[in-house]
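1. Have a look at this prediction, sequence included:
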Amino acid sequence: MRREIKSLSKQFKNAPTEEREGIKDLTSQIRDRLSRLRRAESLRKKRRDREKKRAQFIKDPFQFTRALLGEAKSGKLTSPREEVEAFLEETHSDSFRNQNLEGNPPISSVEAPKKELNINEPTWKEVQEFRLYVQEEVIPSVEENPIKCLGKWFDNSLADRNNMVNTEKQTEEWLRSIEKSGLPGKFKAWLYQHGLLPRLTWLLTVYEAPMTSVEGMERKVNKYLRKWLGIPPSFTSVGLYIRSGQLQLPLTSVVEEFKVAKCRVIMTYRDSPDDQVRHAGIVTRSGRKWGAEATVTQTESMLKIRDIIGAPCTGRQGLGTSHFQQWSKAGTRERKVMIQEEVSSLEKEGRRSKAVALSSQGAWTKWDLPKRKITWAELWRLEPFRISFLLRSVYDTLPTPANLHRLGLSESPLCKPCGEKGTMAHILSGCKIALAQGRYRWRHDKVLMTLARGFPAQSVW
């Protein structure tokens, strides 16, 4: 086609005036056809890329996640694990750590210095000229080259403000990488839960992150999750993370993981078997909006009160079919687990109370129906439109006449066939005209009619 276009362009230059219009129309048609073919080829290429990535993800989801979100490794460790652990133990441990040092007689006394020590602050020129050398090689300062240890960066400010800004940018980059992965939305949600969330939780654990910044990151995550699950932006975040609702998704909140992680850090320092770590006075800061130490103290008080009151039994629990862990009889490790579970329960109760306060999207709190917990295996089997319909029907965000009228997108909130108010329950199963005309069972009856035509007329049922 390019050759034809080039040939027509030459003919157009040498053609008389009355023929140029026809050559121009013919060239335009060929160019339109070439553009459609290019667009079709591009779509086929993108479809092949999506199918390839989907096959790679299904074959090994964790390997796909590491390749998508993992950073490039600077080197390769060839030493065995036992050798590395032995080296670390020999380098960083001291068997005489808690032994008091006594005076050493062989050390001779040192004469008093003749020149007085200069205790004035160093000048800027002296600071710039000061350098440390190892084997005639200059050691860069923290200002020139920040240091990374256990995933945490240390710079000359010795504060985490810049690190939190970088963490927010890193979270945004991870979300964009997942968005551009070419996978369906349900697979992208899995990448968030098992790939992005653990990486982000570790960064929020090692840095002094304020609750305001964590909530801002969760809002960004919620925006992408709504897009991946096919639900509108007005969908409440309660429906994404609640574990006690009518429809429970296998997703975890960033704020909940952050609170549990900070409480775990406090208990790790406080209950450490090393006396020096336990009495080091390490303070875990989490901003002014929420305090981790106050939450741990409150949770411990609640667990102690629960021991006094006793655990309520439901069903057959009082017959010894289940075990209740008491605070007074629990060890250090069991208490740590109990506090983390209690902090998570407090977060879940907060979501439940928030759902009760919602008039439209919290109407499910008044339902007396069995709850449905969706697992990842079930979520992967569902079609995208079914996931969207499940969520939107439970939280009443479907485009019913009543919802459209409330949003100002429709003039009347009434159902067109019967004239009653077109709520979600009415549209899905309560319209009398639709019931009388068989609209609800029309699809079912059509399937039966198709099956009936396939059987002989003399068949005995």
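-> Right, received. Where do you want to start? Numbering: from 1, shown residues only.

2. hey, which helix is longest across the protein?
-> In the chain, assigned by DSSP state H, the helix with the most residues is helix 17-59.

3. Which secondary structure elements does that helix sit against?
-> Applying 3 or more CB pairs under 8 Å, 6 or more residues apart in numbering; DSSP states H and E, we find helix 17-59 packed against helix 2-14, helix 61-69. In this view, the C-beta of every residue, glycine as well, is placed from N, C-alpha and C.

4. Most tightly packed of those helices?
-> Neighbour counts (mean count of other CB atoms under 10 Å) averaged over each of these peak at helix 61-69, with a mean of 16.

5. Identify the residues contacting that helix?
-> 53, 56-57, 174, 177-178, 181, 187, 190-191, 194-196, 199 (CB atoms under 8 Å, 6 or more residues apart in numbering).

6. following it, which helix or strand shows up next?
-> helix 81-92 (DSSP states H and E).

7. Counting by contacts, list what that next one packs against.
-> Going by 3+ CB pairs under 8 Å, 6+ apart, helix 81-92 lies up against no helix or strand.

8. Relative to the whole chain's centre, how far out is it?
-> Centroid displacement of helix 81-92 relative to its chain, using CA atoms, centre = their mean, to the nearest Å, is 35 Å.

9. buried ones in the helix or strand containing Ala355?
-> Using DSSP H and E, Ala355 falls within helix 332-357. Within helix 332-357, the residues scored as buried using 16 or more other CB atoms under 10 Å are 335-336, 338-340, 342-344, 347-348, 351-352, 355.

10. Go through those residues and name the one nearest Ile305.
-> Closest approach to Ile305 among these (CB to CB): Glu342, at 11.5 Å.

11. That closest one touches Met302, doesn't it?
-> Yes - under the criterion of CB atoms under 8 Å, Glu342 is in contact with Met302, at a separation of 6.4 Å.

12. What are the structural domain limits within this protein?
-> 2-58, 161-310+327-366, 399-455 (automatic domain parsing).

13. With mean pLDDT and distance to Glu102 added, can I get those in a markdown table?
-> Formatted as a markdown table, these follow (pLDDT from 0 to 100; distance: least, CB to CB, whole Å):
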| stretch | mean pLDDT | distance to Glu102 |
| --- | --- | --- |
| domain 2-58 | 82 | 64 |
| domain 161-310+327-366 | 91 | 20 |
| domain 399-455 | 82 | 81 |
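
14. most neighbours per residue, which of these?
-> The most buried one of those (mean count of other CB under 10 Å) is domain 161-310+327-366, showing a mean of 16.

15. Ends of that one, what's the gap?
-> Domain 161-310+327-366 has an end-to-end distance of 44 Å (CA to CA, to the nearest Å).

16. and what of stretch 312-323?
-> Stretch 312-323 has an end-to-end distance of 12 Å (criterion: CA to CA).

17. begin at 713 from here
-> That works, and once the first residue is 713, the last one we named lands at stretch 1024-1035.

18. Where does Val850 sit: helix, strand or coil?
-> Here Val850 is recorded as strand under DSSP: H, G, I helix; E, B strand; the rest coil.

19. one step back: and of the domains of the chain, who's closest to Ser791?
-> Closest to Ser791 of these is domain 873-1022+1039-1078 (CB to CB; 24.2 Å).

20. Give me the distance between the closest one and the centre of its chain.
-> On CA atoms, centre = their mean, the centre of domain 873-1022+1039-1078 falls 10 Å from that of its chain.

21. where's Val933 relative to Ile943, distance?
-> Going from Val933 to Ile943 by CB to CB, to the nearest Å gives 14 Å.

22. Hmm, I typed the wrong one, I wanted Lys1060.
-> Lys1060 sits 21 Å away from Ile943, taking CB to CB as the criterion.

23. contacts for the next helix or strand after the helix holding Ala1067?
-> Under the assignment DSSP H and E, the closest C-terminal helix or strand after helix 1044-1069 is strand 1084-1085. With CB under 8 Å, 6+ apart as the test, strand 1084-1085 has contacts from 958-960.

24. helix or strand right after strand 1084-1085?
-> Where DSSP H and E defines the elements, the next helix or strand beyond strand 1084-1085 is helix 1088-1093.

25. Which neighbouring elements make contact with that following helix?
-> By 3+ CB pairs under 8 Å, 6+ apart, helix 1088-1093 packs against helix 897-903.

26. Show the residue spans covered by the helices in the stretch 1063-1173 of the chain.
-> Along the stretch 1063-1173 of the chain, the segments classed as helices by DSSP state H, counting those that start in this stretch run 1088-1093, 1096-1106, 1113-1118, 1136-1137, 1144-1149, 1154-1165.

27. Which stretches in the stretch 813-962 of the chain count as helices?
-> For the stretch 813-962 of the chain, applying DSSP H, counting those that start in this stretch gives helices covering 836-841, 873-891, 897-903, 909-918, 923-941, 950-953.

28. Can you add distance to Pro818 and give those helices back as CSV?
-> Below are the helices of the stretch 813-962 of the chain laid out as CSV (distance: least, CB to CB, whole Å):
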stretch, distance to Pro818
helix 836-841, 37
helix 873-891, 48
helix 897-903, 64
helix 909-918, 44
helix 923-941, 56
helix 950-953, 67
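
29. do you know which of those lies nearest Ala973?
-> When those are compared by CB to CB, helix 909-918 sits nearest Ala973, at 4.4 Å.

30. The closest one packs against which elements?
-> By 3+ CB pairs under 8 Å, 6+ apart, helix 909-918 packs against helix 873-891, helix 966-982.

31. Now do the last one and helix 873-891, the angle between them.
-> I take that to be helix 966-982. 130 degrees (axes from the mean of the first three to the mean of the last three CA atoms, to 10 degrees).

32. How is the closest residue to Arg809 other than its chain neighbours assigned, secondary-structure-wise?
-> Nearest residue to Arg809, sequence neighbours excluded (CB to CB, 6 or more residues apart in numbering): Gln988, at 7.7 Å. Following three-state DSSP, the label given to Gln988 is helix.

33. Now do the contacts for Arg766.
-> When contacts are counted by CB under 8 Å, 6+ apart, Arg766 touches 894-896, 899.

34. oh, I was asking about Ser1124
-> Per CB under 8 Å, 6+ apart, neighbours of Ser1124: 1113, 1117.

35. go on, the one 3 residues further on?
-> Under the criterion of CB under 8 Å, 6+ apart, the contact list for Cys1127 reads 1113, 1133-1134, 1138-1139, 1143.

36. repeat that for 6 Å
-> 1134, 1143 (CB atoms under 6 Å, 6 or more residues apart in numbering).

37. Excluding sequence neighbours, find me the nearest residue to Leu908.
-> Leaving aside its chain neighbours, Leu908 sits nearest to Trp886 (4.9 Å; criterion: CB to CB, 6+ apart).
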